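Participant: The sequence and its predicted three-dimensional model are supplied below.
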Amino acid sequence: MSYPSLTITFLGTGTSAGVPMIACECPVCTSPDKRDNRLRSSILVQSEKTTLVVDTGPDFRYQMLRARLKHLDAIVFTHAHKDHVAGLDDVRAFNFFSQQPMQVYASDMTQEVIIREFPYAFYESKYPGVPDIQLNTIGLEPFMAGDIEVTPILVWHLKMPVLGFRFGRFTYITDANRIEEHELEKIKGSEVLVLNALRKEKHISHYSLGESIEVAKSLKIPQCYLTHLSHQMGRHADVDAELPNGVHLAYDGLVIKV
């Protein structure tokens, strides 16, 4: 199958608290290595014609400024936890310059939270300057966001359903600790897999480092990047040097092409 070329930029690779974590003096949070500074997890996906973001966490405004992004066509949401939706209000800047509503793709469950968290964006009589959002309901069927085909992948965040996404040869999964066999089939054949790995120790609702590596191995994905990392994982330079061939820690600002 022929897929369009995509450029992926990691806008954030940290967990819900970010790294450094407030008030923490651990070696990771005080590290001078810029790769140990991690905003909340999000990626930018760009084809020749379409630019979309996966998730708008609390750092969304700064991520857009840091990436110097001038235009955004769509936002695709994995789930409704605060560290993935809290920055949605800042799409109003894109609305202002494009004079178009922002196309938002989300499950019914995620849309309920978005409407509850940002009710003023959906009032019949809106205050001037509020976000202009066009909600698009997604399930598990592939859909088009501009010229990018997106295949949702159901994963489990303990008991919460979360959506991962495959974009051509690239698959992105965050906030997962279980993926059922029939959903794993959707990932096979990817050239690059991004998977969450919270820390080295086992966690109740996130893959650990070892568990993520095992998933990548079982799927025979050539390149795997780990994201949604907490300060408990350790310093980037130390951990990345210990990883098997083809597995890397992602970091904010990393750009890959697929």
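Facilitator: Alright, I've got the coordinates.
Participant: helices or strands up against the helix or strand hosting Thr110?
Facilitator: According to DSSP states H and E, Thr110 maps onto helix 108-117. Helix 108-117 is packed against helix 82-85, strand 133-137, with contacts defined by 3 or more C-beta pairs under 8 Å, 6 or more residues apart in numbering; DSSP states H and E. Where C-beta positions appear, they are placed from N, C-alpha and C, glycine not excepted.
Participant: Buried ones in the last one, by neighbour count?
Facilitator: So the one you mean is strand 133-137. Applying a neighbour-count criterion of 16 or more other C-beta atoms under 10 Å, one finds 133, 135 buried in strand 133-137.
Participant: swap in the shortest one?
Facilitator: Within helix 82-85, the residues scored as buried using 16+ other C-beta under 10 Å are 83-85.
Participant: which stretches of the stretch 1-150 of the chain have low pLDDT?
Facilitator: Along the stretch 1-150 of the chain, the model assigns pLDDT under 70 to residues 1.
Participant: just so I have it, where are all the helices in it?
Facilitator: In the stretch 1-150 of the chain, the segments counted as helices under DSSP state H, counting those that start in this stretch are 60-66, 82-85, 92-98, 108-117.
Participant: How much space separates Thr30 from Val45?
Facilitator: 33 Å (C-beta to C-beta, to the nearest Å).
Participant: wait, Glu214
Facilitator: Where Val45 is concerned, Glu214 sits at a distance of 26 Å (C-beta to C-beta).
Participant: Looking at those two, which one has more neighbours?
Facilitator: Comparing Glu214 with Val45 by other C-beta atoms under 10 Å, the one with more neighbours is Val45, at 24 against 12.
Participant: Write down the beta-bridge partners of that one, one by one.
Facilitator: Residues in a beta bridge with Val45, per DSSP bridges, are Ile8, Leu52.
Participant: quick one: it and Val215, what's the gap?
Facilitator: From Val45 to Val215 the distance is 21 Å (C-beta to C-beta).
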